[in-house]
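J.: Kindly return the folded structure for what I paste below:
(one chain, ligands or ions: 1)
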Amino acid sequence: MINVALSGSLNDARQRLQDALRAAGRPPDDALMLAVSKTRPAADIRHAWQLGQRHFGENYLQEALDKQTELADLDDISWHFIGPLQSNKTRAVAEHFDWVHSVDRLKTAQRLSAQRPADKPPLNICLQVNVSHEAAKSGVTPQALAELAQAVSQLPNVTLRGLMAIPAPADTPAAQRQPLAELRACLETLREALPEATLDTLSMGMSGDLEAAVQEGATLVRLGTAIFGARPDTKN
Ligand SMILES: *Cc1c(COP(=O)(O)O)cnc(C)c1O
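T.: Predicted coordinates:
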């Protein structure tokens, strides 16, 4: 069955990313679009895959594992874990995902590295940084980032790819850009400190701040609502 609404919104999201890249003076393939499929049924993911989408982001482990089982025939699909990651979930994440964007403690990274199956390539990791300076948000502080990144970059079975942030919602483009610019500055500082690391990823930009994030150098944008429509529940 063809989901007409999804094919339209997926095309719109691709066009929006292309427009944002062009407006920022960047090449058309300069940023990867992650489809954030939390709360969406496996059938929606399959349909997006049929339309050429390959990277999908999930927040809730059990929900993701159930959908992965249903979609096991889609062999070139790439799964990104983007939700809060407790220690008791690291083994399943290390076994069933290609990327983790939400690492903010060394212990989590150590467990992911130790638990990554030997027959898989190193797990791609982004460190989540708290650039909104809110006590309630997860993420390492910019001050503690260098030490964490240095330690994570030494782990054998993970590859430190870059940084991720979920800024607090902001009303104006200027207010949106401030934390995004801070994340970009954090990545530039890290690149100087760790010249050997593959720090090519700036994971930022959601449906509400895509243009601002692309202006500030996002290389991986995470779009949920823009692709799949408003989520049925309110927990995220
Ligand atoms: C839900 C979620 C998104 C997508 O948000 P939208 O506003 O629906 O685009 C992106 N990143 C993270 C970490 C999320 O939890």
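
J.: Flag every buried residue along stretch 85-92.
T.: Neighbour counts using 16 or more other CB atoms under 10 Å place 85, 89, 90 of stretch 85-92 among the buried residues. C-beta coordinates here come from the backbone N, C-alpha and C atoms, glycine included.

J.: no no, stretch 126-141
T.: For stretch 126-141, by 16+ other CB under 10 Å, it's 126, 127, 128, 129, 130, 131, 132, 137, 139, 140.

J.: Among the buried residues of stretch 85-92, which one sits closest to the ligand?
T.: Comparing these against the ligand with CB to the nearest ligand atom picks out residue 85 as the nearest, at 11.4 Å.

J.: Around the closest residue to the ligand within the chain, how many other residues sit close by?
T.: Using CB to the nearest ligand atom, the single residue of the chain nearest to the ligand is residue 224, 2.7 Å away. Counted with other CB atoms under 10 Å, the neighbours of residue 224 add up to 23.

J.: which residues touch it?
T.: Contact analysis of residue 224 by CB atoms under 8 Å, 6 or more residues apart in numbering lists 35, 36, 37, 38, 57, 206, 207, 231.

J.: switch to 6 Å and redo it
T.: Residue 224 makes contacts with residue 36, as judged by CB atoms under 6 Å, 6 or more residues apart in numbering.

J.: Can you give me the distance of it to residue 20?
T.: Distance of residue 224 to residue 20, given as CB to CB, to the nearest Å: 17 Å.

J.: Give me the residues contacting the helix or strand hosting residue 69.
T.: Here residue 69, judged by DSSP states H and E, is contained in helix 61-70. Contact partners of helix 61-70, identified using CB under 6 Å, 6+ apart, comprise 42, 58, 89, 92, 96.

J.: So what's the gap between it and the chain middle?
T.: When C-alpha coordinates are averaged (CA atoms, centre = their mean, to the nearest Å), helix 61-70 and its chain have centres 18 Å apart.

J.: What residues of it count as buried?
T.: So for helix 61-70, counting by 16+ other CB under 10 Å, buried means 61, 63, 64, 65, 67, 68.

J.: That one and the ligand, are they touching?
T.: No. If you take CB under 6 Å from any ligand atom as the test, helix 61-70 misses the ligand, and the best it gets is 12.3 Å.

J.: Would you mind writing the CA trace of that helix as CSV?
T.: Output of helix 61-70 as CSV, limited to C-alpha atoms (Å, rounded to 0.1, in the frame of the first residue of the first chain):
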residue,chain,number,x,y,z
LEU,A,61,15.1,0.6,23.0
GLN,A,62,12.4,-2.0,23.2
GLU,A,63,10.3,-0.3,20.6
ALA,A,64,13.3,-0.1,18.3
LEU,A,65,14.2,-3.7,18.8
ASP,A,66,10.7,-4.8,17.9
LYS,A,67,10.7,-2.8,14.7
GLN,A,68,14.2,-4.0,13.8
THR,A,69,12.9,-7.6,14.0
GLU,A,70,10.0,-6.7,11.7
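
J.: Name the SS class of the closest residue to residue 187 other than its chain neighbours, please.
T.: Nearest in space to residue 187, with sequence neighbours left out and distances taken as CB to CB, 6 or more residues apart in numbering, is residue 163 at 5.1 Å. Taking DSSP: H, G, I helix; E, B strand; the rest coil as the rule, one finds residue 163 in the strand state.

J.: And the buried residues of stretch 85-92, which is closest to residue 74?
T.: residue 89 (22.7 Å; CB to CB).
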